[in-house]
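>>> missing the sequence, but the structure's below:
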């Protein structure tokens, strides 16, 4: 992932999303392409047109934090987009990725018994650990049966992005498939900005780009987002449709890994279906 190309395409795509009315400017003259002109962004940011053009060509190394903040405000970047711009600038300056510690290997990160114990202690919700490349590294008992369409028969480490774009079953599992696809790619984009040297993530992007036209188009849009919290719909092959809320928590002992927990509103039909799945999971778990 070439840093100059990433910077150029990110800034260009953000500029194309804005209209003069979005930023309080009059629409003057005929526009050959969508979005603001470079001169308008430069004016809003308080920099020269020449300097902004230089930044948009990808030459962002050495840009001060004040200039980057002014560009972020001019382009109306949200918090995730602003963080992504700063990550790209840090990479251009050769600064270590967001000051984070070096990540351990997947095997090292998920080998601690206490992490699996913590997962198994969550009995009323789906809980799992994933890495920036969307690998499903560990789950609780309910998570294993809930994500059975993703996990399959075992073997290769299950990967949420591969399932999303390469497995036709994902369109049944995710009723809002287009929304899930956009979220998946935007999260991966943000992760790639935070750690552009993540070989696993780079390889996955290359694989999906060659095998999925939808992924390739979404990746080229340069949208970024964090997962955070929200609501999603699923259609499980054994219990039907569920509406679940989720919370994402950083695992501070393992930089880069996150814990996601999906739960249902108490007393709702989805809560009943999660209980049914938990019962099915208990029936299928060999006695220890």
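The structure has been received and is ready for your questions. All values reported here derive from a predicted model rather than from experimental measurement. Numbering: from 1, shown residues only.
>>> and residue 126, what does it touch?
139, 140, 142, 143, 146, 147, 244, 261, 262, 263, 274 (CB atoms under 8 Å, 6 or more residues apart in numbering). The way it works is simple: take the backbone N, C-alpha and C, and place the C-beta from them, glycine included.
>>> how close does the nearest residue to the fifth one once chain neighbours are set aside get to residue 156?
Spatial nearest neighbour of residue 146, excluding adjacent residues (CB to CB, 6 or more residues apart in numbering): residue 126 at 4.6 Å. The gap separating residue 126 from residue 156 is 21 Å, by CB to CB, to the nearest Å.
>>> residues touching stretch 153-163, excluding its own?
106, 130, 133-137, 147, 149-152, 169-170, 173, 184-185, 188, 204, 207-208, 215.
>>> other SSEs contacting the longest helix anywhere in the chain?
Criterion DSSP state H: the longest helix present in the chain is helix 177-194. Contact partners of helix 177-194 among helices and strands, from 3 or more CB pairs under 8 Å, 6 or more residues apart in numbering; DSSP states H and E: helix 79-93, helix 160-166, helix 170-173, helix 199-211, helix 213-220.
>>> do that again at 6 Å, thanks
helix 79-93, helix 160-166 (3 or more CB pairs under 6 Å, 6 or more residues apart in numbering; DSSP states H and E).
>>> A helix includes residue 248, no?
No: assignment of residue 248 by DSSP: H, G, I helix; E, B strand; the rest coil gives strand, placing it outside any helix.
>>> tell me, how many residues neighbour it?
15 (other CB atoms under 10 Å).
>>> and for the one 3 residues further on?
For residue 251, the tally of surrounding residues (other CB under 10 Å) stands at 14.
>>> got phi/psi on it?
Main-chain dihedrals, residue 251, degrees, to the nearest 10: phi -90, psi 100.
>>> pretty sure it sits against residue 257.
Yes: in this structure, residue 251 is within contact of residue 257 by CB atoms under 6 Å, at 4.5 Å.
>>> sketch out the low-pLDDT regions of the stretch 101-250 of the chain for me.
Residue ranges of the stretch 101-250 of the chain with pLDDT under 70: 101-111, 154-155.
>>> show me which residues of the longest helix of the chain are buried.
Residues of helix 177-194 classed as buried by neighbour count (16 or more other CB atoms under 10 Å): 180-194.
>>> now swap in stretch 75-85 and tell me
Residues 75, 77, 80, 81, 82, 83, 84, 85 are the ones in stretch 75-85 that count as buried (16+ other CB under 10 Å).
>>> selecting buried members of the contacts of stretch 153-163 in PyMOL, what would you type?
Selection of buried members from those for PyMOL, criterion 16+ other CB under 10 Å:
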select buried, resi 106+130+133+134+135+136+137+147+149+150+151+170+173+184+185+188+204+207+208+215
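>>> picking that back up, tabulate the helices and strands packed on helix 177-194 in TSV, adding columns for distance to residue 236.
Shown next, in TSV, are those (distance: least, CB to CB, whole Å):
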stretch	distance to residue 236
helix 79-93	30
helix 160-166	14
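>>> which of those helices sits closest to residue 23?
Proximity to residue 23 (CB to CB) singles out helix 79-93 among those, at 15.2 Å.
>>> mind listing the strands for the protein?
Secondary structure of the chain (DSSP state E): strands at 126-130, 136-139, 229-236, 240-250, 258-263.
>>> tabulate those strands (a markdown table), appending distance to residue 58.
Formatted as a markdown table, the strands of the chain follow (distance: least, CB to CB, whole Å):
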| stretch | distance to residue 58 |
| --- | --- |
| strand 126-130 | 31 |
| strand 136-139 | 34 |
| strand 229-236 | 33 |
| strand 240-250 | 30 |
| strand 258-263 | 30 |
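>>> and these, which is most packed in?
Most buried of the strands of the chain by mean neighbour count (mean count of other CB atoms under 10 Å) is strand 126-130; its value is a mean of 24.
>>> orientation of it relative to strand 240-250 in degrees?
Interaxial angle of strand 126-130 relative to strand 240-250 (axes from the mean of the first three to the mean of the last three CA atoms, to 10 degrees): 50 degrees.
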